[in-house]
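**Student:** here are the coordinates; sequence isn't available:
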């Protein structure tokens, strides 16, 4: 059961599997946070002895493993991550998929490819900003004379 390389690929493949077999497909999540239990103490000591003695022990890294599985066909898709932002995005997207949303509704295939370059848009020209200020002044709101509430210097 190999792991898919990117979260985007996992979501697209999971959406396809859920659309093809919506009744039998299951989504499983597994969260792992390594702890220092007495049974793991010997393994931890051995692994630290192999590493350099000068290095400080690293903080344990929690991981989330996602699995989309269809027992009838034997198809199993897996993805593992340790990034917090990605975890929330994946859980939200998988919840929508499980509720019956299609891949096009989530914007999975039409979005920016993971790791791809994104063209940045220039800031608006100063002339455009002046037009917005004039429109505010015409509506009776002055852009410069407005006081902000709150405490000032005392």
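**Tutor:** The structure has been received and is ready for your questions. From a predicted model like this one, the values you see are computed outputs, not experimental measurements.
**Student:** ok, then the element right after the helix or strand harbouring residue 80?
**Tutor:** Per DSSP states H and E, residue 80 falls inside strand 75-81. Later in the chain than strand 75-81, the nearest helix or strand by DSSP H and E is helix 84-98.
**Student:** just checking, what packs against that following helix?
**Tutor:** helix 7-20, strand 26-32, strand 63-70, strand 75-81, helix 103-106 (3 or more CB pairs under 8 Å, 6 or more residues apart in numbering; DSSP states H and E). Heads up, the C-betas are built off the backbone N, CA and C, glycines and all.
**Student:** what's the closest of these to residue 91?
**Tutor:** Closest approach to residue 91 among the helices and strands packed on helix 84-98 (CB to CB): strand 26-32, 7.4 Å.
**Student:** got the buried residues for that closest one?
**Tutor:** Using 16 or more other CB atoms under 10 Å as the burial criterion, the residues of strand 26-32 that qualify are residue 27.
**Student:** quick revisit: out of the helices and strands packed on helix 84-98, which comes closest to residue 92?
**Tutor:** Closest approach to residue 92 among the helices and strands packed on helix 84-98 (CB to CB): helix 103-106, 9.3 Å.
**Student:** tilt between the strand holding residue 80 and helix 7-20?
**Tutor:** For strand 75-81 against helix 7-20, the angle by axes from the mean of the first three to the mean of the last three CA atoms, to 10 degrees is 150 degrees.
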